[in-house]
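Visitor: I'd like to go over a predicted model; first the sequence, then the structure.
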Amino acid sequence: MSEKQTTHEQAVEKVRELIDGIETAMLTTIAEEGLVSRPMKTQEIEFDGDLWFVTMKDTAKYGELRRDPRVNVAYAGKSFVSIRGKAEFVEDLEKKKAFWNKAYEKLLHASYDDPNVVLVKVNAEAAEYWDTANKFEAAKLVLHRLTGAGSGDSKLNETVELQ
């Protein structure tokens, strides 16, 4: 296995670990008037470099993504993660069925086989994270910044390429 492959797999694993258990993400799209963010439920599948969401075709976000597929997905929980990527629509009925749950039925007033229901697949390109779960590193960084001792370099905030 090449060093680049290992680094990619490590980056994906780190992001997977940081977003695990965070149910809601903020999806930012580009509208005609500027950036727009909205809460979206992340599908309960293991992050492998792609994120999945369920939406409807008759929404503003659908039109925004058709015009410009560039997105940002932000997670806040035990850590903070910002993922940049490109969205695409997936019409696969079996995938829709696999991702579907009763909450969507009530929220969207539809069933998984409704032609208005569409999956949004975000192909992640890069992620920036702030790993606040690492209390030792966080305390060390604060101490360095308060005292001016050392560079205060930390692994708490990093940007990783995911492609």
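Guide: Happy to help now that I have it.
Visitor: retrieve the pLDDT associated with Asp131.
Guide: Looking at Asp131, its pLDDT stands at 79.
Visitor: pLDDT below threshold where in this protein?
Guide: Scanning the chain for pLDDT under 70 picks out the ranges 1-6, 133-156.
Visitor: where do the strands of it begin and end?
Guide: Using DSSP state E, the strands of the chain run over 24-31, 34-41, 50-56, 70-76, 80-90, 117-130, 157-161.
Visitor: what residues are up against the residue nearest the centre of the chain?
Guide: Of all residues in the chain, the one closest to the mean position by C-alpha atoms, centre = their mean is Val73, 4.2 Å from it. Counting by C-beta atoms under 8 Å, 6 or more residues apart in numbering, Val73 makes contact with Ala25, Met26, Leu27, Thr28, Met40, Leu51, Ser82, Ile83, Gly85, Val122, Ala124. Using the backbone N, CA and C atoms, a C-beta is placed for each residue, glycine as well.
Visitor: what's the local residue count around the third one?
Guide: Other residues near Leu27 come to 24 when the count uses other C-beta atoms under 10 Å.
Visitor: mind listing the residues bridging to the closest residue to it other than its chain neighbours?
Guide: Leaving aside its sequence neighbours, Leu27 sits nearest to Met40 (C-beta to C-beta, 6 or more residues apart in numbering; 4.5 Å). Following DSSP bridges, Met40 is listed with bridge partners Ala25.
Visitor: so how far is Glu88 from Met40?
Guide: 15 Å (C-beta to C-beta, to the nearest Å).
Visitor: neighbour count: these two, which is higher?
Guide: Met40 (20 against 13).
Visitor: and the longest helix for this protein?
Guide: helix 3-19 (DSSP state H).
Visitor: could you check the angle strand 117-130 makes with it?
Guide: Between helix 3-19 and strand 117-130, the angle comes out at 100 degrees (axes from the mean of the first three to the mean of the last three C-alpha atoms, to 10 degrees).
Visitor: now Ala103: how far from Asn72?
Guide: 24 Å.
Visitor: the two: which is more packed in?
Guide: Counted by other C-beta under 10 Å, Ala103 and Asn72 do not tie: Asn72 has more neighbours, with 18 against 9.
Visitor: I'd say that one and Val81 touch.
Guide: No: judged on C-beta atoms under 8 Å, Asn72 makes no contact with Val81 at a distance of 10.6 Å.
Visitor: so what's the residue count around Ile30?
Guide: Look at Ile30: counted by other C-beta under 10 Å, it has 16 neighbours.
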